[in-house]
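K.L.:
Structure for this input, please:
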Amino acid sequence: MNMKIELKTITVKELADGYVDNSEAGVVGYGGKLDIRPPYQREFIYKDKQRDAVIDTVRKDFPLNVMYWAVREDGNYEVIDGQQRTISLCQYVNGDFSFENLYICRTTKKNRY
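P.N.:
Below you'll find the model as predicted:
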């Protein structure tokens, strides 16, 4: 078996694009192309302090540890390592929690009056 590892750099915005956390449909991001919680992954277990550390790291423009994705046969991806960090970022961008009393404000066309 030949395994190829490629470095792919994406923005937090790209990662959180299309983020959905649904018990039936699963947890997806990256425009619906990334399965964040494949069946073998554990549930989200980060405490607030760990989740906040991820946001603090990114906000300070420090590097975040590498996250590993596998390419599926259909060309989409699944998270091998980094699920907790990925969900933390997506939840923050989605406005699910604040960090230092700051929320990300997302306005979509369907929410505009």
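
K.L.:
drop to CA atoms for contacts and neighbour counts, all remaining ones
P.N.:
Will do.

K.L.:
A helix includes Val54, no?
P.N.:
Yes - counting by DSSP: H, G, I helix; E, B strand; the rest coil, Val54 is found in a helix.

K.L.:
Next up, the contacts around it.
P.N.:
The contact partners of Val54, taken as C-alpha atoms under 8 Å, 6 or more residues apart in numbering, are Leu64, Arg85, Ser88, Leu89.

K.L.:
And for Tyr46?
P.N.:
Gln84.

K.L.:
any idea of the pLDDT on it?
P.N.:
With respect to pLDDT, Tyr46 has a value of 91.

K.L.:
what's the spacing between it and Asn94?
P.N.:
Tyr46 sits 17 Å away from Asn94, going by C-alpha to C-alpha, to the nearest Å.

K.L.:
sorry, back to before: which ones among the contacts of Val54 are found in helices?
P.N.:
Arg85, Ser88, Leu89 (DSSP state H).

K.L.:
tell me which of these is nearest to Leu7?
P.N.:
Arg85 (17.4 Å; C-alpha to C-alpha).

K.L.:
Burial check on that closest one, number of neighbours?
P.N.:
Look at Arg85: counted by other C-alpha atoms under 10 Å, it has 20 neighbours.

K.L.:
what do you get for Pro63?
P.N.:
The local packing of Pro63 (other C-alpha under 10 Å) involves 8 other residues.
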